[in-house]
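Participant: Provided below for reference: sequence and predicted model.
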Amino acid sequence: MSSVRARRSETRWVTRFMPVFLAVCFGLATYTMAKRVCVDHFLHRRQQPSAGIAFLVFYLVTFVFMLLTYIRLFLAIQLNPGVVPLGQRAIWRLEKEEKEKPSWRRHKHKQTGDIEANPYSNVGPDDDPDSPGLESFYSKDAFICEPDGKPRWCHSCCTWKPDRAHHCSEIDRCVKKMDHYCPWVGGIVGETSFKYFIQFTFYASLCAIVIVTACALCTRQRLHAGYGLDGFVVAILALSGLLGFFSVTMFITSARYALMNMTNIDYLKSKNFVHNLALRVPRGIQSCEKYKVITYPISKPGDLIPPLSGDAGARGVANERDLLATRTFAVVKTELGENPWDLGFYRNWKSVMGNSIIDWLLPLKDSPCATYENNESYYELGPVYLRLRERFRLPHLTDDEKGFTTSKKELSSGSQAKERKQKKQEQGLQDHARGLANS
């Protein structure tokens, strides 16, 4: 189980209570639909078996799918919430706080204000050029950065924030593609659970529509026949109407975000927010009026070899391979409302929900964006990336620099294939020698 949980005790108790409350609601709805509506009313009292069977089948189908997606969503949130690993300084701080604070205050949350509004406050970014995690940014061709060209830093988690990660004040952790904290489903909805949240709200909406329709028809027929109201049916009708309205609203909102390749956090910031992007350019490019240039790895204090290029410069290189490993980036800004990850409605939807209708409807596979791996960026970039290069007239990479983007995985697989080929050749020579000796 994940150790991620809400910092405030009241939030933790609400998060524990809501799934239980939903389970009770599901149980009462199933009893009311199966026994009091379909069997007692439509089958026995009204002698309408076709209506009773139809409502019961529709309810059970939508209920089973809703239950399966809820379980998958809950497990994803509990087992793999998609949080960014804490930096070492944050781990030391938490261990110290746990030892010094009384037990009743250990989880009291005192963080105030917008953490992301001032990312360099309190615990500043790690100035070490070999800072853990920094290489994962400049090994790519583009990443979200601060105006100085360095990746975004979270002073609470003491770590570099990957693209599209946001700090959640409820759990005091950075979450990849954070959407919102939802006590109804047991925690934080983000990159690893957003797909299942959309599926759950979709089936919950269908299930609520079936319940409301059946209960409303049952109530209408009972009143018309003079039987009076059934308290269970009326209660479930009101409860399903309320939860159904909430589910439909959440599904429409979440589906809209998926089509736009955004999250709730992204959408709230999109109207008055611009992204700083570090885009890779050829080595030797200098800063100009349009953009600033930074070269990685960043030079260490006391390096005798002058910077290669840019304002931050590269530290001294020991050989030609180190020189090839240096990467230069131009720091540019998007315009208001531009989304660098907008791929178009259909591709946006597939990046969240999957590549087939089966993936869209069944909670079987994780979102493709949660398993996306590419040397270009953390997430697939849309047309805005090319527009930025044209807008700022950024030069294209040389063929040599393009060729030096092979990942460690590709190098490893290539070396393994070479070793297998050599072993096969050696084995062939040994077999040939044995054949000559036997002859």
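Facilitator: That came in fine, so what should we check first?

Participant: alpha carbons only for contacts and neighbour counts from here, please
Facilitator: OK.

Participant: Could you list the buried residues of stretch 55-71?
Facilitator: Of all the residues in stretch 55-71, those buried under the rule 16 or more other CA atoms under 10 Å are 55-56, 59-60, 62-63, 65-71.

Participant: can you name the two of these that are farthest apart?
Facilitator: Farthest pair in the buried residues of stretch 55-71 (CA to CA) is Phe55 and Ile71. Separation: 23.9 Å.

Participant: quick one, phi/psi of the residue most central in space within the chain?
Facilitator: Nearest residue to the geometric centre of the chain (CA atoms, centre = their mean): Glu191, 1.5 Å. Per-residue torsions, Glu191: phi -60, psi -40 (degrees, to the nearest 10).

Participant: Against Ala6, how distant is it?
Facilitator: Using CA to CA, to the nearest Å, one obtains 18 Å as the distance from Glu191 to Ala6.

Participant: where do the strands sit along the chain?
Facilitator: Along the chain, counting by DSSP state E, strands occupy 142-144, 153-154, 159-160, 165-168, 173-176, 180-182, 187-189, 276-281, 292-296, 327-333.

Participant: among these, which is nearest Leu386?
Facilitator: Closest approach to Leu386 among the strands of the chain is made by strand 276-281 (10.3 Å; CA to CA).

Participant: for the stretch 201-350 of the chain, which spans come out with low pLDDT?
Facilitator: Along the stretch 201-350 of the chain, the parts satisfying pLDDT under 70 run over 300-324.

Participant: Tell me where it has helices.
Facilitator: Using DSSP state H, counting those that start in this stretch, the helices of the stretch 201-350 of the chain run over residues 231-260, 264-270, 320-325, 345-353.

Participant: Just name the most buried of the ones you listed.
Facilitator: Comparing the helices of the stretch 201-350 of the chain by mean neighbour count (mean count of other CA atoms under 10 Å), helix 345-353 comes out on top with a mean of 21.

Participant: So Pro147 is in contact with His275, correct?
Facilitator: No: the pair Pro147 / His275 is not scored as a contact, 9.4 Å apart, by CA atoms under 8 Å.

Participant: What's the separation between the closest residue to Val384 other than its chain neighbours and Arg164?
Facilitator: Leaving aside its chain neighbours, Val384 sits nearest to Pro340 (5.2 Å; criterion: CA to CA, 6 or more residues apart in numbering). Pro340 sits 11 Å away from Arg164, going by CA to CA.

Participant: Same check on Leu336?
Facilitator: Leu336 sits 17 Å away from Arg164, going by CA to CA.

Participant: Tell me which of these two has more neighbours.
Facilitator: Set side by side, Leu336 and Arg164 show more neighbours around Arg164, with 20 against 13, by other CA atoms under 10 Å.

Participant: wait, what's in contact with the more buried one?
Facilitator: Shown in contact with Arg164 (CA atoms under 8 Å, 6 or more residues apart in numbering): Lys176, Lys177, Met178.

Participant: With distance to Leu86, pLDDT and neighbour count added, can I get those residues in CSV?
Facilitator: Shown next, in CSV, are the contacts of Arg164 (distance: CA to CA, whole Å; pLDDT from 0 to 100; neighbours: other CA atoms under 10 Å):
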residue, distance to Leu86, pLDDT, neighbour count
Lys176, 13, 95, 22
Lys177, 17, 94, 26
Met178, 16, 94, 27
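
Participant: Make TSV from those and add distance to His224 to it.
Facilitator: Converted to TSV, these look like this (distance: CA to CA, whole Å):
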residue	distance to His224
Lys176	55
Lys177	52
Met178	50
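
Participant: Pull the number of nearby residues for the residue nearest to Val384.
Facilitator: 21.

Participant: Just to check, it is in contact with Tyr385?
Facilitator: Yes: between Pro340 and Tyr385 there is a contact under CA under 8 Å: 6.2 Å.

Participant: shared neighbours, these two?
Facilitator: Residues touching both Pro340 and Tyr385 (CA under 8 Å, 6+ apart): none.

Participant: Could you tell me how far the residue nearest to Asn261 when sequence neighbours are not counted is located from Ser367?
Facilitator: Spatial nearest neighbour of Asn261, excluding adjacent residues (CA to CA, 6+ apart): Asn348 at 5.1 Å. Look at Asn348 and Ser367: by CA to CA, they are 11 Å apart.
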